[in-house]
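[1] Structure for this input, please:
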Amino acid sequence: MLSYTAQKLLLLLKPETAHNISLSFLNRSADTPLEWLYKQKLTDNPVKVMGLNFPNRVGLAAGFDKDGEAIDAFNAMGFGHVEVGTVTPRAQPGNPFPRLFRIKSQGAIINRMGFNNLGVENLKKNLLSRRSTGLVGVNIGKNRDTPIEKAKFDYLHCMDTIYNYADYITVNISSPNTAKLRTLQFGESLEELLHSLKLKQETLSNRTDRYVPLALKISPDLTREEVKSVANALASYNIDGVVATNTTLDRTNLSTVKYASEAGGLSGAPLTEKATLVIKLLKQHLRDNIPIIAVGGIMSARDAQNKFAAGAKLIQIYSGLVMKGPGLIKEINERIYR
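    Numbers count the residues shown, from 1 in each chain. Reported below is the predicted structural model:
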């Protein structure tokens with residue numbers, strides 16, 4: 001398969017260079033004869049989650065297509081949903097280069113991108129111009145220079161802008177690459193944010209006559225008690241879903257590996273078990289009341305199966321797509337429905 005060869009060649013390039021080339025190609029090739037390089041026809045295995053009908057259980061995790069440039073191409077790959085973002089109210093460049101590191105020997109990636117994106121208005125334009133009809137979630141965050149005490153206003157602004165163009169919205173309060181962002185996962189900060197988000201959701205739902213589900217994306221570095229506290233808050237405010245998890249700051253067993261000392265969030269195979277544990281804990285507290293979307297270290301069909309066994313309703317991939325290519329989407333779908 002030519003896409004497999006291209007993916008291997010991309011791994012020879014610097015990570016962010018490879019990423020930018022990939023996105024540019026996918027954007028330009030969608031709905032052209034070149035689409036055959038990655039297009040896959042998957043058998044529909046629909047599932048209803050958060051009131052939405054997903055054609056299959058495998059989605060693209062946020063972070064790969066921050067500005068919604070290649071939604072049509074990712075749909076052609078066979079993803080059951082595509083989560084774009086993280087997007088912020090205003091465009092921002094993110095953290096200084098280099099900020100993306102590939103650890104091929106460990107099947108891992110470290111990033112400290114810092115919510116680099118072209119702003120929520122640009123994303124809205126791209127959502128309006130997409131041709132495919134697949135489900136799209138929008139992952140929203142705060143601008144780097146917004147004080148953490150005023151973070152909720154950034155989230156509310158993003159909700160206002162893209163509510164009518166998203167199938168669901170994910171609130172990212174767990175990236176390790178924006179100062180103090182993870183503090184929003186705790187105590188009164190979390191309660192105030194969830195309260196404001198639900199009020200905004202109700203207002204927008206009444207205005208548009210359209211209910212757009214809200215999910216919260218959480219960290220894998222929470223303690224057991226912190227996971228329980230987050231789960232209780234999700235239930236109290238009737239949040240529609242939870243995305244578990246973001247990247248980790250943990251470098252256990254990686255101390256001697258090149259790039260392990262780089263600052264940023266670690267994703268890929270070293271995150272697999274840690275993310276799965278959070279899913280199991282969430283399932284214990286939430287039962288079947290709030291669906292779990294699993295992301296973190298899904299590098300094979302077996303990893304996906306383990307996430308479902310832990311309690312996930314849907315999964316998302318990122319590092320697995322980088323390391324394995326689009327064939328991983330088909331591999332997972334064929335295995336889980338066998």
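[2] And the helices in this structure, which stretches?
    For the chain, applying DSSP state H gives helices covering 2-10, 15-29, 71-77, 120-129, 151-162, 187-208, 224-236, 272-286, 301-310, 319-324, 327-336.
[3] Show me what the longest one is packed up against.
    With contacts defined as 3 or more Cβ pairs under 8 Å, 6 or more residues apart in numbering; DSSP states H and E, the packing partners of helix 187-208 are helix 151-162, strand 214-218, helix 224-236. In short, each C-beta sits where N, CA and C put it, glycine included.
[4] Mind doing that once more with 6 Å?
    Using 3 or more Cβ pairs under 6 Å, 6 or more residues apart in numbering; DSSP states H and E, the elements in contact with helix 187-208 are helix 151-162.
[5] got the angle for the helix it packs on vs strand 214-218?
    130 degrees (axes from the mean of the first three to the mean of the last three Cα atoms, to 10 degrees).
[6] count of residues packed around residue 147?
    9 (other Cβ atoms under 10 Å).
[7] where in the protein is pLDDT low?
    1-5, 338 (pLDDT under 70).
[8] picking up where we left off before, how about the helices of the chain, which one is nearest residue 98?
    helix 15-29 (7.3 Å; Cβ to Cβ).
[9] what does that closest one rub up against?
    Helix 15-29 has contacts (Cβ atoms under 6 Å, 6 or more residues apart in numbering) with 10, 35, 69, 70, 73, 100, 102.
[10] and which of those residues is nearest to residue 263?
    residue 100 (11.9 Å).
[11] Please tabulate the contacts of helix 15-29 in CSV, including the columns distance to residue 306 and neighbour count.
    Putting the contacts of helix 15-29 into CSV (distance: Cβ to Cβ, whole Å; neighbours: other Cβ atoms under 10 Å) gives the following:
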residue, distance to residue 306, neighbour count
10, 27, 17
35, 32, 15
69, 32, 21
70, 29, 26
73, 28, 28
100, 27, 19
102, 24, 23
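[12] Just put the residues you listed in TSV and tack on distance to residue 275.
    Output for those, formatted as TSV (distance: Cβ to Cβ, whole Å):
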residue	distance to residue 275
10	25
35	32
69	27
70	25
73	26
100	20
102	19
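[13] thinking again about what came up before, want to throw the helices of the chain into a markdown table with distance to residue 113?
    Putting the helices of the chain into a markdown table (distance: least, Cβ to Cβ, whole Å) gives the following:
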| stretch | distance to residue 113 |
| --- | --- |
| helix 2-10 | 18 |
| helix 15-29 | 9 |
| helix 71-77 | 19 |
| helix 120-129 | 16 |
| helix 151-162 | 17 |
| helix 187-208 | 22 |
| helix 224-236 | 24 |
| helix 272-286 | 19 |
| helix 301-310 | 24 |
| helix 319-324 | 14 |
| helix 327-336 | 22 |
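[14] Quick check: which of those helices is nearest to residue 246?
    Judged by Cβ to Cβ, the one of the helices of the chain that comes nearest to residue 246 is helix 272-286, at 8.9 Å.
[15] Quick one: list the elements packing against that closest one.
    Here helix 272-286 touches helix 224-236, strand 241-244, strand 292-295, helix 301-310, going by 3+ Cβ pairs under 6 Å, 6+ apart.
[16] Could the C-alpha coordinates of the first one be exported in CSV?
    The reference is to helix 224-236. Extracted in CSV, the C-alpha atoms of helix 224-236 (Å, rounded to 0.1, in the frame of the first residue of the first chain):
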residue,chain,number,x,y,z
ARG,A,224,-7.5,8.0,42.3
GLU,A,225,-9.2,10.5,44.6
GLU,A,226,-8.9,13.3,42.0
VAL,A,227,-10.5,11.0,39.3
LYS,A,228,-13.3,10.3,41.7
SER,A,229,-13.7,14.1,42.4
VAL,A,230,-13.8,14.8,38.6
ALA,A,231,-16.3,12.0,38.0
ASN,A,232,-18.6,13.4,40.8
ALA,A,233,-18.5,16.9,39.2
LEU,A,234,-19.3,15.5,35.8
ALA,A,235,-22.3,13.8,37.2
SER,A,236,-23.4,16.8,39.2
